[in-house]
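predicted model follows, preceded by the sequence.
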Amino acid sequence: MSEAIYIEEALIEMADERQAQQLLRFFKTSPGEYGEGDKFIGLKNPQVRLVVKETWKSTPISEATRLVRSPLHEVRLCGLLIMVEQYLRAMKKGDDVLMSEIFETYLSLHPHINNWDLVDLSAIKIVGNHEVRHPELRLMDEWIKPEGHTLWQQRIAMVSSWMLIRNERPDVCFRRAAMLLASPHDLLHKAAGWMLRETWKKGYVMQLRDFLESNVEAMPSIMLSYACEKMSITERHEWQAKRKKNILKINV
């Protein structure tokens, strides 16, 4: 029995149909929604992580890849979390060859990394760390663009800036967030707002204010709300008022 089959069977043994139905609704899997057609077996993240903890050291990348290609959401998540653990171990050992292999494999699997939890729990650790180690990489600056890229590629590019913010490169976050101002997807507005909030938390207060001053009139409301979350109530209201004033001006 292959490692991927063993892991998938271990996950399926814990299946919960009632929980699966709740997850189908939570992750918007109905026709026309962003998670259309996804399949769930009803596991919570701690259950998946327990299997990851028991198997990641012995699972080849090729088997993790098989998991990520599964039609089952939780199995894909398990495969991605295994890859995260393997990347972090390779990083600790300074194994650049293995890190690059995992990074390239991850990128090739992007059609299967197709919901926000799958992105957020893997892109920061794999793509973000790899961008920190290889500042010459520019692929995510391409993925953030709507032309020819999926919602999930764009979210990968946006949330991966989390690690760059923590390594004194907040400019990447601001540049990518600006690319999403006109996006129609609230999942991208939320991702950009989340990362902008992180710049504030890491001390890039003036830089965030400068970004807002230049862009607040064009910002989607949810992006602005997320970005301002750690500010004082007074300052939050000031930015929201500036945005509202511009909307009223446009509608006159």
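Arrived safely, thanks for sending. Because the structure is a prediction, the values reported are computed rather than measured.

low-confidence ranges in this structure?
Within the chain, the ranges that satisfy pLDDT under 70 run 1, 246-252.

quick one, strands of it?
Shown for the chain, no strands are assigned by DSSP state E.

care to break it down by domain?
The record's domain parsing of the chain by automatic domain parsing lists 1-137, 140-252.

with mean neighbour count added, can I get these in CSV?
The way it works is simple: take the backbone N, C-alpha and C, and place the C-beta from them, glycine included. Shown next, in CSV, are these (neighbours: other Cβ atoms under 10 Å):
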stretch, mean neighbour count
domain 1-137, 18
domain 140-252, 18
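
how close does Leu67 get to His185?
The spacing between Leu67 and His185, counted by Cβ to Cβ, to the nearest Å, is 27 Å.

what about the longest helix along the chain, distance to the chain center?
Ranked by residue count under DSSP state H, the longest helix found in the chain is helix 73-93. For helix 73-93, the separation from the chain centroid amounts to 14 Å (computed by Cα atoms, centre = their mean, to the nearest Å).

stretch 111-122 now?
6 Å.

next: stretch 39-46.
The answer for stretch 39-46 is 18 Å, by Cα atoms, centre = their mean.

pull the distance from stretch 137-149 to the chain's centre.
14 Å.

equivalent analysis for stretch 49-67, please.
20 Å.

do the same with stretch 196-205
18 Å.

span of it from start to end?
Distance between the two ends of stretch 196-205: 10 Å, counting by Cα to Cα, to the nearest Å.

what do you get for stretch 116-125?
Distance between the two ends of stretch 116-125: 15 Å, counting by Cα to Cα.

please enumerate residues in contact with that stretch?
Residues outside stretch 116-125 that contact it (Cβ atoms under 8 Å, 6 or more residues apart in numbering) are 27, 45, 73, 76-77, 80-81, 83-84, 87-88, 106, 113, 152, 155-156, 159-160, 162-163, 187, 191.

give me that answer again for 7 Å
76-77, 80-81, 83-84, 87-88, 113, 152, 155-156, 159-160, 162-163, 187 (Cβ atoms under 7 Å, 6 or more residues apart in numbering).

do stretch 221-239 as well
Stretch 221-239 is contacted by residues 186, 189-190, 192-194, 196-197, 200-201, 208, 212, 216, 240, 243 when judged by Cβ under 7 Å, 6+ apart.

kindly report the same for stretch 153-165.
Applying Cβ under 7 Å, 6+ apart, the contact partners of stretch 153-165 are 110, 113, 116, 119-120, 123-124, 127-129, 131-132, 140, 143-144, 146, 172-173, 176, 180, 187-188, 191-192, 195, 198-199, 202.

same deal with stretch 8-16?
Here stretch 8-16 has contacts from 41-43, 47-48, 51, 67, 70, 74-75, 78, using Cβ under 7 Å, 6+ apart.

ok, and the closest non-adjacent residue to Val127?
Ser160 (3.9 Å; Cβ to Cβ, 6 or more residues apart in numbering).

give me phi/psi at that neighbour?
Main-chain dihedrals, Ser160, degrees, to the nearest 10: phi -70, psi -20.

quick check: Tyr204 touching Val172?
No. With contact defined as Cβ atoms under 7 Å, Tyr204 and Val172 do not form a contacting pair (11.6 Å).

now Glu142: how far from Met223?
The spacing between Glu142 and Met223, counted by Cβ to Cβ, is 21 Å.

ok, now Tyr34?
17 Å.

apart from its neighbours in sequence, what residue is nearest Pro60?
Nearest non-adjacent residue to Pro60, counting by Cβ to Cβ, 6+ apart: Glu3, 6.8 Å away.

ok, the one you found touching Thr59?
Yes. Between Glu3 and Thr59 there is a contact at 5.0 Å, judged by Cβ under 7 Å.

got the contact list for stretch 67-84?
Residues contacting stretch 67-84 (Cβ under 7 Å, 6+ apart): 4, 7-8, 11, 38-41, 43, 48-49, 51-52, 55-56, 59, 64, 102, 106, 109, 112-113, 115, 117-118, 121-122, 125-126.
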